[in-house]
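In: Sequence plus the predicted model coming up.
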Amino acid sequence: MKLLPQIQVEGGAEWLARTATQCLIDEARLSPKPGLVDSRGNGAHHDLSLALMERSAHSLTPTFQALAQQSWQRPADIALRQTVGRLGRAGEKQMMAATDGVNTHRGAIWALGLLVSAVAMHGGTGSAQQVAATAAELAKLPDAAAPKVFSKGLRATHRYQVPGAREEAQQAFPHVMQRALPQLRLSRLNGSSETHARLDALMAIMTSLTDTCVLSRAGLEGLDAMQDGARAVLSAGGSAHPAGQQALAALDRHMLALNASPGGAADLLAATLFLDRIESPYLKH
Ligand SMILES: CC(C)(COP(=O)(O)OP(=O)(O)OC[C@H]1O[C@@H](n2cnc3c(N)ncnc32)[C@H](O)[C@@H]1O)[C@@H](O)C(=O)NCCC(=O)NCCS
Ligand SMILES: Nc1ncnc2c1ncn2[C@@H]1O[C@H](COP(=O)(O)OP(=O)(O)OP(=O)(O)O)[C@@H](O)[C@H]1O
């Protein structure tokens, strides 16, 4: 494979990093999102705010840039997996330093980090489908240096016997590729505003994701409320329609009453916006 001149690698890596950060900010600002931090407020979170989410997103730009630089036109092998794991964990530390120890974007670093690396592995040229498949190859490789910690996400996947953040990446992001990206584009085609198209894409993810954030906070009752409520929004015509807006408001109330927040779905929406921009980098959405 022909190596691009370093200047192109630098420029490409910088663009990818800026784009990934912007997608995190777009996700955080998008409103009204059920249970999540948005422009209206903190959702079900006591320790998060929009300002904190934005500070966290900016703190991650150097991490995304390093991931892109180190992954440029490299194959998915153990050496790259270890580098990506090391940079991802350094990014988590960076995030924690920027937020005084609050977990704002752990799941997002994982999903977007893998996708940024995968675009770079294709030299900045792959389709969303190719990039998701390459990210999955990377996610399936073992990372011997990963600390053996028992996270909330792992506990939920074991307790409820469901896939979590790891599996979503290892399966090439099915909620992004088969649900959110098609819904985003369908809603745009149907004339919805960009905000409504993005909310519909979030609903499409929430109809079937086994979100371990929701499971950890609100169990199966919370997960059912999320999936049923998101289906109700879409079957009422989506967030652009008055009936869909009513269903979305009801879902928001239900999630807040259960103290549930679909953080995993939010991460995957940011990943969706990223892959959408990869395929149409010059369009302003
Ligand atoms: C795999 C990760 C996300 C840990 O997952 P785990 O479920 O054990 O942990 P934790 O509960 O802390 O975080 C999971 C987060 O994923 C998101 N999430 C939850 N459910 C889902 C789901 N079904 N699908 C996708 N994302 C989800 C949420 O934001 C949640 O907070 C990740 O932090 C990790 O292993 N990082 C190591 C560094 C690394 O290898 N990085 C490489 C890419 S940069
Ligand atoms: N807009 C958003 N609002 C809230 N969470 C979000 C948002 N966008 C992404 N997330 C994701 O949700 C996750 C927050 O997870 P979670 O609420 O489980 O945090 P925690 O600190 O591990 O748990 P808890 O808040 O229950 O103590 C982050 O890792 C982040 O990636």
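Out: Ah, there it is. Residues are numbered from 1 along each chain as shown. Ligands and ions are numbered 1, 2, ... in the order given.

In: Return the set of buried residues in the strand or helix carrying residue 230.
Out: Assigned by DSSP states H and E, residue 230 falls within helix 212-235. For helix 212-235, the neighbour count (16 or more other C-beta atoms under 10 Å) marks 212-218, 222-223, 225-227, 229-234 as buried. From N, CA and C alone the C-beta is placed, and that goes for glycine too.

In: Let me see the mean pLDDT of it.
Out: Across helix 212-235, the average pLDDT comes to 98.

In: Same check on stretch 27-34?
Out: pLDDT averaged over stretch 27-34 gives 98.

In: nearest spatial neighbour of residue 159, skipping sequence neighbours?
Out: With C-beta to C-beta, 6 or more residues apart in numbering as the criterion, residue 159 has its nearest non-adjacent residue at 7.7 Å, and that residue is residue 215.

In: Does the one you found touch residue 162 like I think?
Out: Yes. Here residue 215 reaches residue 162: they are 7.3 Å apart, a contact under C-beta atoms under 8 Å.

In: Give me the common contacts of these two.
Out: Common contacts of residue 215 and residue 162, defined by C-beta atoms under 8 Å, 6 or more residues apart in numbering, comprise residue 156.

In: hmm, the helix or strand that contains residue 70 touching ligand 2?
Out: According to DSSP H and E, residue 70 maps onto helix 61-71. No. Helix 61-71 is not in contact with ligand 2 by C-beta under 6 Å from any ligand atom; minimum separation 13.7 Å.

In: How about residues contacting that helix?
Out: Contacts for helix 61-71 (C-beta under 8 Å, 6+ apart): 9-10, 12-14, 16-18, 20-21, 80, 83-84, 87-88, 90-91, 94, 109, 112-113, 116-121.
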